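>>> Curious how this folds, go ahead:
(one chain, ligands or ions: 1)
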Amino acid sequence: MKPSEAQSTYNEIFSLLEKHHSWMRDTVNLIASENVHSPAVREAMQVDFSDRYAEGWPGERVYAGTKYIDEVEILGNELTKTLFRADFADVRPISGVLANLSILTAFTEPGDRMMCLSIPTGGHISSARHRLWGTAGRVRGLKIQYFKYDEYELNIDVDATIRKIERLKKKGKHIDFYMFGASVFPFPHPITEIAEVAKGYGSYVNHDAAHVAGLVAANIFQDPLREGANSLTFSTHKTLPGPQGGCIVAHEEFADRIKRGVFPALHSNHHLHHVAAKAVAMAEMIAFGKEYSKQIIKNAQALGSALMEEGFKVLAEHKGFTKSHVLLIEVANSPLQNGRAVEEKLEEANIIINRNLLPWDKRFGRDYIRPGGIRLGTSEVTRLGMKEEEMSQIAEFMRKIVFDQKSPKLVAKEVAQFRKKFQKVHYAFDTARDAYDYVKLR
Ligand SMILES: Cc1ncc(COP(=O)(O)O)c(C=O)c1O
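Numbers count the residues shown, from 1 in each chain. Reported below is the predicted structural model:
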């Protein structure tokens, strides 16, 4: 590109950003890993902290000029400790993956063995094998074993897993590290029984609450630090509606190693404006998190029921579909035949969801490109003030696309009309601005 073309490209970038904002106002977002943060969180992300360095821990910085940054980071850690009922918190990790890698760096050595969920059963790529370019396998050099999984219950099979641990132990294959948590996480993981066996063998237990951190904070899903986990890693932008980022909380005895796993091992500077925004989000969650999280779960269960009524095959019906924000739906037998086709058609209709592998997809020759399922989450629609009644309306829109094969363009208009009443962020101290306002500073 010639220098003379830079200005028009620069203008084009801003025009695309505005288009994105305007589109978001018209869509129903059911991506389980996303959320919309409050105007206050957005304000905190725009401060001068974003131009500064503050390597290290407050009071032990490698840089000068950090006196206010230190105070904000200390408040962020204190608020996080309160929220998660934890002795120790570190708000520095810049993502959920780096929070996980910081913990793995602190408590494993290359060549160690880790047990976690496989990707088709809900596991995340940060826990995957070397062959799959997973962070644990490829970056940390861990050997990966999987928890045994009950496909009907959509959860870890405790007895079969414990038998597997004992079998491996007899063969000299000790598991050094256990990673609970998942990207498809409808039901609390059975940490207690497995952690007891793990700790009996001197292993480390972490819970990756990337998805469910908000629900854990509200203490209405599971309480991993009391159920046997040594630490909890999570993203700060899913059910916990803060800025994009990561975080770790733990029992005090693990604090020193975790601090070093975060810095200097994995981070140099740690995105200080995000620290400010995380602190604001934690305060909002202390004030509003319980009410918000309860509604997220009620909405997920209501959406599950409404989708069943509309003809969708929602998994785990016998358990009320979910106890979190997530639903898993099999679409392989629907007229659109696979998750990708459903994802694409719904996007045309202003409904944003994502396709997802089902635990049995591999056996049917399906892969991530055209899996048999879709995954839905209710964090963002709940944040916009929607309740059970609106879940029925969303299910009806989805039926029109997936089963009635209605024109996505026409449904998109109906969705945009429906969205008009839901533009403010709820469960926040300040709701002055609309959720998707484009804020111009130039
Ligand atoms: C279980 C799990 N762990 C870790 C992550 C990674 O989080 P981040 O995107 O914040 O790096 C995700 C992301 O969706 C996840 O689902």
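
>>> all helices for the protein, in order.
6-26, 39-45, 67-84, 96-107, 158-170, 191-200, 213-217, 224-227, 255-260, 272-309, 339-348, 379-383, 388-402, 408-419 (DSSP state H).

>>> Among those, which comes closest to the ligand?
Ranking those by proximity to the ligand (CB to the nearest ligand atom) places helix 96-107 first, at 2.4 Å. C-beta here means a position set from N, CA and C on the backbone, and glycine is covered the same way.

>>> which residues sit against the closest one?
Taking contacts as CB atoms under 8 Å, 6 or more residues apart in numbering, the residues outside helix 96-107 that touch it are 93, 114, 126-127, 135-136, 139-140, 142, 177, 179, 204, 206, 208, 210, 231, 233-235, 246-248, 254, 257-258, 260-262, 265-267.

>>> Any buried residues in that helix, and which?
Within helix 96-107, the residues scored as buried using 16 or more other CB atoms under 10 Å are 96-107.

>>> so what's residue 146 up against?
Contacts for residue 146 (CB under 8 Å, 6+ apart) come out as 115-118, 121, 123.

>>> overlap between the contacts of helix 96-107 and the residues near the ligand?
When CB under 6 Å from any ligand atom is applied, the members of these adjacent to the ligand are 126, 208, 210, 235, 246.

>>> pLDDT and neighbour count added to those, as a markdown table?
Output for those, formatted as a markdown table (pLDDT from 0 to 100; neighbours: other CB atoms under 10 Å):
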| residue | pLDDT | neighbour count |
| --- | --- | --- |
| 126 | 97 | 25 |
| 208 | 98 | 32 |
| 210 | 98 | 29 |
| 235 | 98 | 25 |
| 246 | 98 | 30 |
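
>>> from those residues, which is closest to residue 365?
residue 126 (26.5 Å; CB to CB).

>>> The residue nearest to residue 286 when sequence neighbours are not counted - how many residues pack around it?
Nearest non-adjacent residue to residue 286, counting by CB to CB, 6 or more residues apart in numbering: residue 83, 5.5 Å away. Look at residue 83: counted by other CB atoms under 10 Å, it has 24 neighbours.

>>> Equivalent analysis for residue 441, please.
Neighbours of residue 441 (other CB under 10 Å): 4.

>>> For it, give me its contacts.
Listed by CB under 8 Å, 6+ apart, the contact set of residue 441 reads residue 46.

>>> Pull up the gap between it and residue 189, please.
43 Å (CB to CB, to the nearest Å).

>>> List the buried residues in stretch 162-180.
If you call a residue buried by 16+ other CB under 10 Å, then stretch 162-180 has these buried ones: 162, 164-165, 175-180.

>>> Alongside the ligand, which residues does the stretch 101-250 of the chain contribute?
Neighbours of the ligand within the stretch 101-250 of the chain, by CB under 6 Å from any ligand atom: 124, 126, 181-183, 208, 210-211, 235, 246.

>>> Take the residues you listed and keep only those in strands.
181, 208, 235, 246 (DSSP state E).

>>> Residue 72: which of those is nearest?
residue 246 (17.2 Å).

>>> surely that closest one meets residue 238?
No - judged on CB atoms under 8 Å, residue 246 makes no contact with residue 238 at a distance of 11.0 Å.

>>> Please name the nearest non-neighbouring residue to residue 431.
In space, and not counting its chain neighbours, residue 431 is closest to residue 424: 5.0 Å by CB to CB, 6+ apart.

>>> which residues touch that neighbour?
Counting by CB under 8 Å, 6+ apart, residue 424 has contacts 384-385, 431, 434-435.

>>> ok, now residue 239?
Residue 239 neighbours (CB under 8 Å, 6+ apart): 35, 211-215, 293, 296, 324-325, 379.

>>> Show the buried residues in the residues you listed.
Buried among those by 16+ other CB under 10 Å: 35, 211-215, 293, 296, 324-325, 379.

>>> And the furthest pair within these?
Checking those with CB to CB, the most distant pair is 35 and 324, at 13.6 Å.
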